[in-house]
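> Build me a model from this:
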Amino acid sequence: MGARAGHRHARAEFLIGAVVGNPHVAAVFAVPANTQVLTIPLWGTESIEEYVAPARRARWQRGRLAQSREQAFVSQLLPAYGEVVANLLGPRDPLALGAALADIADYCEEHDLRAGLRDPRCWRLISSRFAEHPLFGELSMADAIDLARSLYRYLTPLAVPLPDVDVTHSSGAALCALPAIAAKVRIGVPLLLTEHGVYVRERVLQLVRDDAPPLRKALLGNFYRAVARCAYTYADVVLPVCEYNASWEQELGADIGRVRVVYNGVDPKRFPPLSVQLPRPTIAYVGRIEPLKDVLGLIAALSMVRREIPDVLLRVHGPDDDPGYAERCRAAVATMGLEDNVVFEGPTKDPARAYQEADVVVLCSVSEGFPYTVVEAMCSGRPVVATAVGGVPEALNRPELLVEPQNPQALADALVALFRRTPAERAAIGEEFRERAVRLFSQERFLEEYRALYLGVVSDYVA
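The predicted structure is shown next:
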């Protein structure tokens, strides 16, 4: 989220603002000595101060005169909230939204955001805007109240001010970008924006599946688009992880002159291409079990593969991110009589071994950015059959191994065709993938590109 460069030759210090669903999260990775983690829960608290004591923006305070709550509410919070609400109703100027977000962040320096948004004048503002709109005037009172509550949660990252930093780096054109936008507007802190997926696209896909009233979906879709367009507008450099993402970002308003692709990278030494003798033809899936990954489609494809390869085995390595969906996947295995052909291995702490103990790795997602699974499998020297989504075609560069998403028959045909090749031919594809991954998608290249970007924007800012 933020970095402090210090002396040009000193080690950089990092502050990670982790925007999470609720405060009950556990650390998964060890935190380096030069890094602090500030957890920002959107839900599970009444007020953000219950969970985190925010650092103050020292540079923002210089020369500022404290205002009373009423003065700040009238001059900052209420007009800014009105601009945010306007973006729920339809496209607006992203510069105006950025200024509004900075005003809300300023208000939070001295006053409680939750208390401010509970002021009756905020409710009158949002309810009157909905009532006056030709479409959203049909919104129910319950949905209007729920949206007002949700806006407080979505704006929570602005209530946790950044300390002094030399550069901010947002991991998406999403809610995590809000403090970075505010810092850019107020004091010009450079903003780098990386997107591993395309936030707007993935949120809209989620809204399509949600069981919610259409008007609520439309309002939230407008809000997600507004946040994304604002983040693209203020970012000094927009860093998609693949060309596919870049095309979406440009459609959503990113300046092509500030877009630069930096592919994800992995350490090839962690994924050596070991040869393992397997007792039966084996496919590995490594990833979350949830709808966007279309594991149900993979199971359907496997039932077709089994007609040609009766002893085929699919090993599913990954957590049940959506328990209901995961249960449907297990039920599908039973219904199709695939109990001897599908094994749910659960989460793995050794993905390299999962790849090595397979003849083929499969990715069946509906939407992706530039997935680590594909690059890790390539480093492991394994052929990959995947849906042609996101940056996957750029990674593989093998059209015969790509299929359209949500097409189990096409996925089955590609898997069968690969298994009909000789072991030597499959090994040759794996060797080609390994060489390509080491050359183009290494962690060393990835880190060097970001290091140069940080130093470049910080040098310009400090100068």
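> V85 against S127, yeah?
No: when contacts are counted by Cβ atoms under 8 Å, V85 is not listed as touching S127 (9.9 Å). Glycine gets a C-beta too; all of them are placed from N, C-alpha and C.
> Show me which of these two is the more surrounded one.
It is V85, of V85 and S127, that has more neighbours when counted by other Cβ atoms under 10 Å, with 22 against 16.
> Can you point out the buried residues in the helix or strand containing that one?
Under the criterion DSSP states H and E, the helix or strand holding V85 is helix 78-89. For helix 78-89, the buried set under the neighbour-count rule, 16 or more other Cβ atoms under 10 Å, comprises 78, 80-81, 83-89.
> Which one of the residues you listed is nearest to I256?
Sorting those by distance to I256 puts N87 at the head of the list, at 23.8 Å, by Cβ to Cβ.
> Is that closest one in contact with G98, as I believe?
No: if you go by Cβ under 8 Å, N87 and G98 don't touch, sitting 11.1 Å apart.
> now the helices for the stretch 51-200 of the chain?
Counting by DSSP state H, counting those that start in this stretch, the stretch 51-200 of the chain has helices at residues 58-61, 69-72, 78-89, 94-110, 113-117, 120-132, 141-155, 178-187, 199-209.
> And for the fifth one, what's in contact with it?
What that stands for is helix 113-117. The set of residues external to helix 113-117 that reach it, using Cβ atoms under 8 Å, 6 or more residues apart in numbering, is 46-48, 69, 73, 77, 81, 104, 107, 122, 148, 151-152, 155-156, 158-159.
> do the longest one as well
If you take Cβ under 8 Å, 6+ apart as the criterion, helix 94-110 is touched by 56-57, 60-61, 64, 66-67, 69, 72-73, 76-77, 79-81, 83-84, 87, 113, 116, 155, 158-159, 161, 178-179, 181-182, 184-186, 226-227, 229-230, 232-234, 253.
> what about V276, is that helix, strand or coil?
When states are read from DSSP: H, G, I helix; E, B strand; the rest coil, the local structure at V276 comes out as coil.
> What about it, how many residues nearby?
Using other Cβ under 10 Å, V276 is surrounded by 11 other residues.
> separation between the nearest residue to A183 once chain neighbours are set aside and L220?
For A183, the nearest residue in space outside its immediate sequence neighbours is V189; the separation is 4.1 Å by Cβ to Cβ, 6 or more residues apart in numbering. Counting by Cβ to Cβ, to the nearest Å, the separation of V189 from L220 is 29 Å.
> Compare those two (neighbour count), which wins?
The neighbour count for V189 versus L220, taken as other Cβ under 10 Å, is higher for V189 (25 against 20).
> And the more buried one, how far from V227?
If you go by Cβ to Cβ, the gap between V189 and V227 works out to 18 Å.
> do F14 as well
24 Å.
> The two: which is more packed in?
Per other Cβ under 10 Å, whichever of F14 and V227 has more neighbours is V227, with 27 against 17.
> buried set for whichever strand or helix holds the more buried one?
Element membership of V227, judged by DSSP H and E, is helix 214-234. Taking 16+ other Cβ under 10 Å as the neighbour-count basis, helix 214-234 is seen to contain the buried residues 215-216, 218-234.
> cool, stretch 343-359 as well?
Applying a neighbour-count criterion of 16+ other Cβ under 10 Å, the buried positions in stretch 343-359 are 344, 351-359.
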